[in-house]
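1. give the three-dimensional model of this entry:
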Amino acid sequence: MLRQVADGVLIHQSDFMLSNAVVVRGDAGVLVIDPGIRGDELACLAIDLRELGQRIVAGFSTHPHWDHLLRDPSAGAKARVAERLPPDIADQIPLEQLGQISGLPLDADEIPWDGPRVRIVEHQAHAPGHAALLIEQRGVLVAGDMLSDVLIPMLDSSGAADPIDDYLAALRRLEDVAGDVDVVIPGHGSIGGPGQVGSRIEQDRAYVHALREAGVVSDPRIGPSAREGWEWVAGVHERRREGLARTNERDGTPA
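-> Predicted coordinates for the structure are as follows:
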């Protein structure tokens with residue numbers, strides 16, 4: 001069910017990985033950001049919008065990972081998505097619903113639509129071309145797969161030259177635009193209210209620094225304090241720590 005988190009900004013949170021689909025009201029319809037991936041959550045979102053008398057006039061994906069797709073209609077794209085789906089949920093993903101999409105110009109710095117200004121804050125942290133969205137008139141930052149209270153920083157594993165520096169640079173970018181933000185919406189997890197965007201940036205920054213320095217990581221998202229059902233995040237952390245250690249050993253970089 002859609003829930004309002006700011007004036008004209010609503011979210012639909014899926015049971016699947018606490019994924020947040022974001023709906024922004026405009027003059028002629030709504031902008032949908034990261035609408036979800038499973039058939040049931042897409043159907044629920046469509047029903048909610050229909051009951052509100054709203055139609056979708058624009059969509060945006062914060063990054064090109066399988067659980068944040070707006071979809072590409074080509075057979076090749078369907079095959080690529082299918083290859084990346086976790087086996088345990090593959091039969092819940094309606095690939096036949098892949099829709100026609102158009103990319104924004106490379107130099108676009110906001111979403112062209114009839115609604116409140118939505119600034120695109122692009123960076124290279126979680127994935128190449130990852131984007132946060134700043135809805136200035138509403139005091140909302142849509143953070144994509146960053147600033148989560150359940151997921152640790154998930155560094156780009158696609159071959160970035162320095163994923164840690166990329167992540168720290170992205171956090172600085174978010175910090176620069178977050179001065180008047182009252183609501184932060186992560187791709188997965190709880191919505192943050194007034195004052196929480198700063199604390200989430202600091203928490204992510206502390207984690208990344210500790211990871212780089214190969215120190216002891218104290219973070220509530222891993223270990224005994226992790227949210228129920230999210231204990232697997234500790235395993236992600238351990239694999240990432242070991243991977244960085246191997247890279248440093250191979251490159252001769254001091255830990």
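
2. assumed residue 151 was part of a helix.
-> No - using DSSP: H, G, I helix; E, B strand; the rest coil, the assignment for residue 151 is coil, not a helix.

3. quick check: chain neighbours aside, which residue is closest to it?
-> With CB to CB, 6 or more residues apart in numbering as the criterion, residue 151 has its nearest non-adjacent residue at 5.5 Å, and that residue is residue 188. Where C-beta positions appear, they are placed from N, C-alpha and C, glycine not excepted.

4. what's that neighbour sitting at in phi/psi?
-> phi -140, psi 130 (degrees, to the nearest 10).

5. ok, longest helix in the protein?
-> helix 233-251 (DSSP state H).

6. how far off centre is that one?
-> 22 Å (CA atoms, centre = their mean, to the nearest Å).

7. neighbouring contacts of it?
-> 150-152, 154-155, 157, 164, 211-212, 214, 217, 219, 221-223, 226, 253-255 (CB atoms under 8 Å, 6 or more residues apart in numbering).

8. hmm, 10 Å instead?
-> Helix 233-251 is contacted by residues 148, 150-155, 157, 163-164, 207, 210-212, 214, 217, 219, 221-224, 226-227, 253-255 when judged by CB atoms under 10 Å, 6 or more residues apart in numbering.

9. can you say which of those are buried?
-> By neighbour count, with 16 or more other CB atoms under 10 Å, the contacts of helix 233-251 hold 148, 150-155, 163-164, 207, 211-212, 217, 219, 221-222, 226 as buried.

10. what helix or strand is residue 31 located in?
-> Secondary structure assignment for residue 31, by DSSP states H and E: strand 30-33.

11. give the next helix or strand downstream of that strand.
-> helix 39-51.

12. pull out the buried positions in that next one.
-> 41-42, 44-45, 48-49.

13. could you give me the average pLDDT of stretch 131-151?
-> For stretch 131-151, mean pLDDT is 95.

14. next one: that stretch to chain centre, how far?
-> Distance of stretch 131-151 from its chain centroid, counting by CA atoms, centre = their mean, is 8 Å.

15. and what of stretch 46-54?
-> That offset, for stretch 46-54, works out to 24 Å (CA atoms, centre = their mean).

16. got a list of contacts for that stretch?
-> By CB under 10 Å, 6+ apart, the residues outside stretch 46-54 that reach it are 1-3, 10, 12, 21, 23, 25-26, 28-30, 32, 35, 55-56.
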